[in-house]
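Participant: What follows is a predicted protein model with its sequence.
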There are 2 protein chains.
Amino acid sequence: MSAAPKANPPIRTLLGPGPSPVSPRVLAALALPVVGHLDPKFLEIMDQSMAMLREVFQTKNRLALPMSGTGSAGMETCFVNLVEPGDAVLVGVNGVFGTRMVDVAQRCGAQVDTVEAEWGTALDAQKFKDALGKKQYKVAAVVHAETSTGVLQPLDDIAEMVRESGALLMVDTVTSLGGAPVRVDELGIDACYSGTQKCLGCPPGLSPVTFSERAVEVIRKRKTKVQSWYLDLSMIEKYWSSERIYHHTAPISMNYALHEALRIVLEEGLEKAWQRHRQVHETFVREMRKLELEPAVAESIRAPMINTVKVPEGVDDPKVRQRLYDDFDIEIGAGLGPLKGKTRR
Amino acid sequence: MSAAPKANPPIRTLLGPGPSPVSPRVLAALALPVVGHLDPKFLEIMDQSMAMLREVFQTKNRLALPMSGTGSAGMETCFVNLVEPGDAVLVGVNGVFGTRMVDVAQRCGAQVDTVEAEWGTALDAQKFKDALGKKQYKVAAVVHAETSTGVLQPLDDIAEMVRESGALLMVDTVTSLGGAPVRVDELGIDACYSGTQKCLGCPPGLSPVTFSERAVEVIRKRKTKVQSWYLDLSMIEKYWSSERIYHHTAPISMNYALHEALRIVLEEGLEKAWQRHRQVHETFVREMRKLELEPAVAESIRAPMINTVKVPEGVDDPKVRQRLYDDFDIEIGAGLGPLKGKTRR
């Protein structure tokens, strides 16, 4: 067999739920010379990225690093490290990613209970309180910005209740990080994961995570080994600390890209980045209404970085999305699960 | 905090055990425009990469695709998908990566037995036969090129015995793929994983894997869910087939890089690439001897793509490696485990 033709991907305007547009600066960083994963110059870049991640996560946690996989690997990192077989876990479910959390937690042997809400609405803090009152949970997990529905979950009340219950608080910020305040320390989030390909403006491939000292202590006191060798933080943290013990070969080029993407976020400033997402979102909703399109989520819980729009009656949505590809090189996303054919993202 | 300074990695000559030097063509592919993971143009690139991977793995297996993590994620993919709690697994151990296989298999709940050999020597086929005669194993696993020692394991006899025993044969080809014949179909390998950053000449970040139909059947008949959601092939194969069901967001840019790296391998031709590795290795050994340096591995089992050299008596090895960095921008690797301070790679 001969080699395939050279890849020639089109220049798309990425307006869907991710991957998001990537700055030419980040693309250029990807093409920087590859060095070894123990090269002193690469170790410097790692330290700088950790410091910048702490800033973006709004935390003083020592443990803040990019896992070598996409956002879902970050989700799995949080569960496999914190959960041992038989542990009780409470998950808020109002979309694809809450549903996925349940699946991942169960695969770790967790006893999972859920607090549910209709897709496209937010989780009710009172229901969370009720559930937390009935059982002692080791971990309570919620999604901050549900990419599948466009809901930005209010976190303050839930975080307070989880803290009071003594459970560890896990939050999915794959889509929110960099686009809205995440406030890891202020909310007392114990385990937080994100992705590079949303508001950080980096290609997909890494998953930034951060763990509180309390969560790290829970990992240290585990009775069983973490079921995933690849995602075992007790080993990975030794590579991302002064010990520099080899675990796996870090994805060098993706780490260059994340480093540059974080620089861009901090150069703009977090506050300004949040504001920009909010302003663009408001403009989008205003202009959308002029086209007689309706947002799919109530105003108070609309995620500014992921806009979901109702598909008008009688419109063939896949055809519209295909035409956006073909005629305008624009990508938007389809609705997922029960929202398939009903929303665009 | 302000943003870190711009990353400025040096141009190193990467002569260590990996990452290996990356062609400017591959670096340029990394910087191609990012498109979505369901973009029709990206799906074409995926199909082409699968076809090229089949060629490189020398297989007709349908399932040949890059997992979204580095080589160790490929190792874990093979174990988590094939092993269920209580399954008997036999692992050949003569270096870091055989040792890692044992750890990964145990984390899947496997009952692991080992066939061992001194680090720097090959596994003895007769010992494998003895072990296989004592118990019915579900999986027998060996490392083809042990990156930690520089041994290229002869596979023919072991493969035949494993086939006869009825066990599934798993082979680690992280370092060998592209640098020596891997012959997945000819040897009857059921599960094979590799890395992008060795003889494929791509940056680290993906792990090509291939599974035989027999192995896929074993996955389909599992009684329990695969313990890793992120590495669950029963879902991932639906994204890498005509169904195109979204699982996780593929690392787009890394997939461009692998696509280009595979094109380069096939343009050169597999046979020529193997020959080149063999010739360069022979020249290296010849020239090394002129410097009174000794290879650490016996001639018949020396891996052509990973040369290990004895550290001469009285030489401070870390100092030598640091000087290679500082004065020549050359990276070589240290010995690992019991070979630390005794070999260079």
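Facilitator: Thanks, I have it.

Participant: quick one: buried residues of stretch A:35-53?
Facilitator: By neighbour count on 16 or more other C-beta atoms under 10 Å in any protein chain shown, the buried set for stretch A:35-53 is A:35-39, A:42-43, A:45-46, A:48-50, A:52-53. Where you see a C-beta, it was placed from the backbone N, CA and C, and this is true even at glycine.

Participant: do you know how far A:Ser242 is from A:Leu43?
Facilitator: Separation of A:Ser242 from A:Leu43 (C-beta to C-beta, to the nearest Å): 9 Å.

Participant: again, but for A:Leu32
Facilitator: Distance, A:Leu32 to A:Leu43, using C-beta to C-beta: 15 Å.

Participant: returning to what we had before: which ones among the buried residues of stretch A:35-53 map onto helices?
Facilitator: Within the buried residues of stretch A:35-53, residues falling in helices by DSSP state H are A:Phe42, A:Leu43, A:Ile45, A:Met46, A:Gln48, A:Ser49, A:Met50, A:Met52, A:Leu53.

Participant: tell me, how many neighbours does A:Asp156 end up with?
Facilitator: 11 (other C-beta atoms under 10 Å in any protein chain shown).

Participant: Is it correct that it is in contact with A:Glu186?
Facilitator: No - using C-beta atoms under 8 Å, A:Asp156 is not in contact with A:Glu186; the gap is 9.2 Å.

Participant: Show me what the helix or strand containing A:Arg100 is packed against.
Facilitator: For A:Arg100, the host element (DSSP states H and E) is helix A:96-107. Packing contacts for helix A:96-107, counted by 3 or more C-beta pairs under 8 Å, 6 or more residues apart in numbering or on different chains; DSSP states H and E, involve helix A:71-82, strand A:88-93, strand A:111-116, strand A:139-143, strand A:145-146.

Participant: 10 Å instead, please
Facilitator: Contacts defined by 3 or more C-beta pairs under 10 Å, 6 or more residues apart in numbering or on different chains; DSSP states H and E place helix A:96-107 against helix A:71-82, strand A:88-93, strand A:111-116, strand A:139-143, strand A:145-146, strand A:168-172.

Participant: Could you check the fifth one against chain B for contacts?
Facilitator: No - for strand A:145-146 and chain B, the contact criterion (C-beta under 10 Å from any C-beta of the partner chain) is not met; the two come no nearer than 15.0 Å.

Participant: With the second one instead?
Facilitator: No - Strand A:88-93 stays out of contact with chain B when judged by C-beta under 10 Å from any C-beta, the minimum separation being 13.5 Å.

Participant: Which member of the ones in helices among the buried residues of stretch A:35-53 is positioned nearest A:Trp229?
Facilitator: The shortest approach to A:Trp229 among these belongs to A:Met46, at 20.5 Å (C-beta to C-beta).

Participant: For the closest one, give me its contacts.
Facilitator: For A:Met46, the contact set (C-beta atoms under 10 Å, 6 or more residues apart in numbering or on different chains) comprises A:His37, A:Leu65, A:Pro66, A:Tyr239, A:Trp240, A:Ser241, A:Arg244, A:Ala250, A:Asn255, A:His259.

Participant: Please tell me the pLDDT value assigned to it.
Facilitator: Reported pLDDT at A:Met46 in the predicted model: 97.

Participant: I'd like the distance between it and chain B.
Facilitator: According to C-beta to the nearest C-beta, to the nearest Å, A:Met46 and chain B sit 10 Å apart.

Participant: what do you get for A:Glu282?
Facilitator: Counting by C-beta to the nearest C-beta, the gap from A:Glu282 to chain B is 25 Å.

Participant: buried ones in stretch A:17-36?
Facilitator: A:17-20, A:22, A:26-27, A:29-36.

Participant: of the residues you listed, the lowest pLDDT goes to which?
Facilitator: Confidence-wise, A:Gly18 trails the rest of the buried residues of stretch A:17-36, at 88.

Participant: Make sure it is indeed in a helix.
Facilitator: No - A:Gly18: not assigned to a helix; according to DSSP: H, G, I helix; E, B strand; the rest coil it is coil.

Participant: which ones are touching it?
Facilitator: Per C-beta under 10 Å, 6+ apart, neighbours of A:Gly18: A:70-71, A:147, A:174-175, A:195-199, A:204, A:305-306, A:331, A:333, A:345, B:36-37, B:249.

Participant: Cross these against strands and list the overlap.
Facilitator: Among the contacts of A:Gly18, the members falling in strands (DSSP state E) are A:Glu331.

Participant: Output the below-cut-off pLDDT ranges for the stretch 1-150 of chain A.
Facilitator: By pLDDT under 70, the low-scoring segments of the stretch 1-150 of chain A are A:1.

Participant: circling back to that earlier point, out of the ones in helices among the buried residues of stretch A:35-53, who's nearest chain B?
Facilitator: Checking those against chain B by C-beta to the nearest C-beta gives A:Gln48 as the nearest, at 3.6 Å.

Participant: What's the separation between the closest residue in space to A:Pro21 that isn't next to it in sequence and A:Glu267?
Facilitator: Closest residue to A:Pro21 apart from its sequence neighbours, by C-beta to C-beta, 6 or more residues apart in numbering or on different chains: A:Leu14 at 5.0 Å. In this view, A:Leu14 and A:Glu267 are 21 Å apart by C-beta to C-beta.
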